[in-house]
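Engineer: prediction below, plus the sequence it came from.
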Amino acid sequence: MLLRRGGYAGRILRVDLSSEQVRVESWPERWVTEYIGGDGFAAHILYKEVPAGTDPLSPTNRLILATGPVTGTMWPTSGRSVFVSKAPLTGIWGESHVGGFLGAELKYAGYDLLVIEGSAERPVYLMINDDDIDLVDASSIWGLSTADATSAILRASGDPDAQVAAIGPAGERRIRYASIMVNRARAAGRTGMGAVMGSKNLKAIAVRGHGSVEVADLDEFLRLAREAHRRVREDPQAQQMSRWGTWVLTAVKQEIGELPTFNHRTGVFDGWERLSAEHIRSHYTVNDRACFGCPVGCKKVNYVREGPFAGTFEEGPEYEGLMAFGSLLGIGDYATALRANQLCNRYGMDVISAGATIAFAIESFEQGLLTKEDTDGLTLRWGDSKLVIRLLQMIANREGIGDILADGSREASRRLGRGTDRFAIHVKGLEVSGQDGRTHRSIGLSHATGARGADHLRSLVTVDQLGYEKVAAERWGADRLLEIIDPYTERYKAVAVVETENTYCIRDTLIVCWYTVSWPPIFWMRDFAQLLPAVTGEESLGSTDQLIEIAERQVTLKRMFNVREGITREDDQLPDRFTKEPMPEGPGKGQVVHLNPMLDDYYRLRGWDVETGIPTRETLDRLSLGWMQDGEEGAEWGGRHR
Amino acid sequence: MVLLHKQLVVDYARCTGCRICELACSAHHEGRFQPSLARIRIVRYDDLGLDIPNVCGPCEDAPCVEICPVYAMQRDPVSGMVTVDYSRCILCKSCVGTCPNGVIILDTERMRIVKCDHCDGDPECVKVCPTGAITYTTPGQAAIKKRYDSLHEYLSEIARVSL
Ligand code: SF4
Ligand code: SF4
């Protein structure tokens, strides 16, 4: 039966590319109270349908596009969606959230989720127009950049309001950190979701929906949403974000000595000013843009007027891209970062992994572990803009050393050997993002425990670092405050990480953006507890205790996916760079991360075995996940037994 | 003299393309979130990095009034606003095709023409727009010219770029 409940479309669209079969299914109503939506729904499906040991690039893997009950409503930042799959880059749980307009459009077309199975014989793209679902021959656009493919599909559809998610040559060539690009410049970047699409011969997903999203209690919802918009508009940090985007972080990071530089060797970068918000806005920015339903509008359109990259016109990059193609490679030049970002967008590659894998190669070369023989005569060195552009092209084309770097830093170091693994700065195969546990202890724990690897989006605590003492005291108690906000101690960091992770889990079920929840920290659990009953009509979601349990279930479910792939405490480790090499300079000089005490605390709080890091039977039962160990397949689930 | 009436005046330079206006408009008129029935339409140019709000008016000679064969589209001489007289409308869709702003819509579910009514003088879109890109005012020519000029400038700048 079609579940028509406030906030949901009640339907899953399933497309089997192998058999070219399309099915519309309902999902069980109890998912509302077990998972809410988004990441939760997707985790359940992925766990059930992708068995242990599945090759991420095989037809057996699934690619899931999920939305939540808030997607497409007037709550601020409601346009987001998430791609979930077993990750080609890491071989474990993979997910990548993305802004733009895709998620809302999928809801208007009448689906909460899209599940893609199998693999097409020839290149195709998927066109979803309400109930009309077409697999369209994509041979003429195979090989095109994400931007050109998007334009071609929009032209062919004759509808400029369709939303397109496309892969570029990188996804087609299965670069293990290939991205899916939505609306040309919004990236589902991390963990290689684009390579999954490439392996399925699926060039793009285009969606057009003319329907609606209805909420259970419109008056109450509009009251809450208007209040929420007011809070965002009046928040000073959100106003800063509107003007400067995430670039505000460059100066902050430099000041606290946590701007990853020279492959994370240090956290201080001399050239930081040319990567700072004020420099960029005044020299390059020509317009401000937003994702669907977002009052912040942190997306910036930039244009390079002079120099070697004159004529480059592109959105972004975010702070992470500035870091990855700036300080991390020793390049103090915004134009280089913009050009590199544009190339990554068009080829369809994750900027963080691309920059970090290049940093890995440069440091290996510097230390004599790589030579010109490996690099077709190229000299790899820090601060070389042209080199970076060249390497990005080589990676996207799998040309020379680019073929090795296309598999990410962990795999590249395995293939090269010679002790290069010291310079592969990753956790579980995912390259470390633009933070450093040595100067911000809680992120060390986040990087180590993140379900998809060294992640900055699922549990990064912001209020312990950026001057939010009041918020931190409110959340975790004034008695613990001094230790919580001390970036150089391990004490209570697990408490902050667990509670933050729980809130972000709910954020990722709704689905709403990182900004306004994680930073600036405007909305928290109690806001979601007010919001969800008005949207869904489900009163039990009005209890924060209930939401915490749903979050714990989601974290443990993702963990179990990884456990089934062989992940244990041994894999929850940080690169030696953070635990053994003291920060060489800056405010955090001499600091290293002592991970083990934080890990012990984290597992205890999560109800996972402290020795192994595996969720205990008791925890699984408490979270109604006992079925995972009983091997029951849940007969109520669409009747699909596997 | 034209443009004495209050109008929705848009500023392309401010619009971020967030479409919150479409959400508020559809919630107000339809009781649900359905941008396809919003009486305002944001056209987003991802290739140009530009977003343009399309609203009803200001039209000196309203083509929808001119074309309507049964005089269902009528302009109120006092408010200047064009409204649909549903008792006359024969759903020929001429107005849909002729609206230069593309904001007269056929609701295919309930089979009726929908268009902006300025929310009876208290526009929802203006209230929710986070950037001030839509205002409800009697626009002066100078302000309008300035906005067109700034758009021109922007377009000529990016025309030099290979997109
Ligand atoms: S004035 Fe009212 S009806 Fe017209 S576009 Fe704005 S919200 Fe919609
Ligand atoms: S609400 Fe304002 S900024 Fe957003 S799309 Fe509408 S006019 Fe543009």
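Structural biologist: Received, thanks. Ligands and ions are numbered 1, 2, ... in the order given.

Engineer: just the CA trace of the host helix or strand of residue A:531, in PDB.
Structural biologist: Secondary structure from DSSP states H and E places residue A:531 in helix A:525-536. This file holds the C-alpha atoms of helix A:525-536, laid out as PDB (Å, rounded to 0.1, in the frame of the first residue of the first chain):
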ATOM      1  CA  MET A 525      18.100  17.900  18.500                       C
ATOM      2  CA  ARG A 526      15.300  19.700  20.200                       C
ATOM      3  CA  ASP A 527      14.600  21.700  17.000                       C
ATOM      4  CA  PHE A 528      14.300  18.500  15.100                       C
ATOM      5  CA  ALA A 529      12.000  17.100  17.800                       C
ATOM      6  CA  GLN A 530       9.700  20.100  17.300                       C
ATOM      7  CA  LEU A 531       9.900  19.900  13.500                       C
ATOM      8  CA  LEU A 532       9.400  16.100  12.900                       C
ATOM      9  CA  PRO A 533       5.900  15.700  14.300                       C
ATOM     10  CA  ALA A 534       4.700  18.700  12.300                       C
ATOM     11  CA  VAL A 535       6.100  17.200   9.200                       C
ATOM     12  CA  THR A 536       5.300  13.600   9.600                       C
END
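
Engineer: check whether the helix ranked longest in chain B contacts ligand 2.
Structural biologist: Longest helix in chain B, counting residues (DSSP state H): helix B:141-159. No - against ligand 2, helix B:141-159 shows no contacts by CB under 6 Å from any ligand atom, the least distance being 12.9 Å. Every C-beta, even on glycine, is put in place using the N, C-alpha and C of the backbone.

Engineer: ok, residues contacting that helix?
Structural biologist: Helix B:141-159 has contacts (CB atoms under 8 Å, 6 or more residues apart in numbering or on different chains) with A:286-287, A:303, A:313, B:3, B:9-13, B:48-50.

Engineer: just among those, which is most surrounded?
Structural biologist: Neighbour counts for those, by other CB atoms under 10 Å in any protein chain shown, peak at residue B:49, which reaches 26 neighbours.

Engineer: pLDDT wise, what is that residue at?
Structural biologist: We have a pLDDT of 92 for residue B:49.

Engineer: that one reaches residue A:289, doesn't it?
Structural biologist: Yes - between residue B:49 and residue A:289 there is a contact under CB atoms under 8 Å: 6.6 Å.

Engineer: residues of the helix holding residue A:531 that come out buried?
Structural biologist: Within helix A:525-536, the residues scored as buried using 16 or more other CB atoms under 10 Å in any protein chain shown are A:525, A:527, A:528, A:529, A:530, A:531, A:532, A:533, A:534, A:535, A:536.

Engineer: how about the nearest residue to the residue nearest the centre of chain B, chain neighbours excluded?
Structural biologist: Geometric centre of chain B, nearest residue: residue B:55, 0.9 Å, by CA atoms, centre = their mean. Leaving out its chain neighbours, the residue that sits closest to residue B:55 by CB to CB, 6 or more residues apart in numbering or on different chains is residue B:8, at 4.1 Å.

Engineer: can you name the residue of the stretch 51-200 of chain A nearest to ligand 1?
Structural biologist: Using CB to the nearest ligand atom, residue A:74 is the residue of the stretch 51-200 of chain A that sits closest to ligand 1, at 12.1 Å.

Engineer: got the residues of chain B near ligand 1?
Structural biologist: Neighbours of ligand 1 within chain B, by CB under 6 Å from any ligand atom: B:8, B:24-25, B:28, B:39-40, B:55, B:116-119, B:123-125.

Engineer: and the residues you listed as a markdown table, adding secondary structure, distance to residue A:453 and pLDDT?
Structural biologist: Shown next, in a markdown table, are those (DSSP: H, G, I helix; E, B strand; the rest coil; distance: CB to CB, whole Å; pLDDT from 0 to 100):
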| residue | secondary structure | distance to residue A:453 | pLDDT |
| --- | --- | --- | --- |
| B:8 | strand | 48 | 91 |
| B:24 | helix | 40 | 98 |
| B:25 | helix | 42 | 98 |
| B:28 | helix | 45 | 98 |
| B:39 | coil | 46 | 97 |
| B:40 | coil | 43 | 97 |
| B:55 | coil | 47 | 95 |
| B:116 | coil | 49 | 96 |
| B:117 | coil | 53 | 94 |
| B:118 | helix | 52 | 93 |
| B:119 | helix | 49 | 95 |
| B:123 | coil | 48 | 96 |
| B:124 | helix | 44 | 97 |
| B:125 | helix | 43 | 98 |
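
Engineer: name the SS class of residue A:592, please.
Structural biologist: coil (DSSP: H, G, I helix; E, B strand; the rest coil).

Engineer: correct me, but it touches residue A:579?
Structural biologist: Yes - counting by CB under 8 Å, residue A:592 does reach residue A:579; the two are 5.7 Å apart.

Engineer: sort out for me which of the contacts of helix B:141-159 are in strands.
Structural biologist: The strands, defined by DSSP state E, take in A:286, A:287, A:303, A:313, B:9, B:10, B:50 from the contacts of helix B:141-159.

Engineer: break down the stretch 351-500 of chain A into its strands, ranges please.
Structural biologist: A:426-427, A:430-431 (DSSP state E, counting those that start in this stretch).

Engineer: okay, the ones you listed, which one's buried deepest?
Structural biologist: strand A:430-431 (a mean of 28; mean count of other CB atoms under 10 Å in any protein chain shown).

Engineer: quick one, what contacts residue 120?
Structural biologist: This is for chain A. Shown in contact with residue A:120 (CB under 8 Å, 6+ apart): A:17, A:18, A:20, A:135, A:200, A:201, A:202.

Engineer: mind checking what secondary structure it has?
Structural biologist: Under three-state DSSP, the three-state class of residue A:120 is coil.

Engineer: tell me the pLDDT of it.
Structural biologist: 98.

Engineer: quick revisit: how distant is the longest helix of chain B from the center of its chain?
Structural biologist: 19 Å (CA atoms, centre = their mean, to the nearest Å).

Engineer: and the stretch 301-450 of chain A, which of its residues are near chain B?
Structural biologist: A:301, A:303, A:311, A:312, A:313, A:315 (CB under 8 Å from any CB of the partner chain).

Engineer: which two of those have the greatest separation?
Structural biologist: The span of those, defined through CB to CB, is set by A:311 and A:315 at 15.5 Å.

Engineer: more neighbours: which of these two?
Structural biologist: Ranked by neighbour count (other CB under 10 Å), residue A:311 and residue A:315 place residue A:315 first, with 22 against 14.

Engineer: now do the contacts for that one.
Structural biologist: Contacts of residue A:315 by CB under 8 Å, 6+ apart are A:184, A:185, A:289, A:299, A:300, A:301, A:302, A:345, B:49.

Engineer: thinking again about what came up before, farthest pair within the ones in strands among the contacts of helix B:141-159?
Structural biologist: A:313 and B:9 (28.4 Å).

Engineer: how about the closest residue to residue A:129 other than its chain neighbours, phi and psi?
Structural biologist: For residue A:129, ignoring the flanking residues on the chain, the nearest one in space by CB to CB, 6+ apart is residue A:208 at 4.8 Å. Dihedral angles of residue A:208 (phi, psi; degrees, to the nearest 10) stand at phi -140, psi 130.

Engineer: count the neighbours of residue A:208 for me.
Structural biologist: The local packing of residue A:208 (other CB under 10 Å) involves 21 other residues.

Engineer: same deal with residue A:210?
Structural biologist: Counted by other CB under 10 Å, the residues lying close to residue A:210 total 18.

Engineer: one more: residue A:371?
Structural biologist: 11.

Engineer: check contacts around the closest residue to it other than its chain neighbours.
Structural biologist: Once flanking residues are discounted, residue A:371 sits nearest to residue A:365: 7.4 Å by CB to CB, 6+ apart. If you count contacts by CB under 8 Å, 6+ apart, residue A:365 has them with A:371, A:375, A:379, A:380, A:381.

Engineer: can you list those residues in JSON lines and add distance to ligand 2 and pLDDT?
Structural biologist: JSON lines is the format used below for the contacts of residue A:365 (distance: CB to the nearest ligand atom, whole Å; pLDDT from 0 to 100):
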{"residue": "A:371", "distance to ligand 2": "54", "pLDDT": "96"}
{"residue": "A:375", "distance to ligand 2": "47", "pLDDT": "96"}
{"residue": "A:379", "distance to ligand 2": "48", "pLDDT": "98"}
{"residue": "A:380", "distance to ligand 2": "45", "pLDDT": "98"}
{"residue": "A:381", "distance to ligand 2": "44", "pLDDT": "98"}
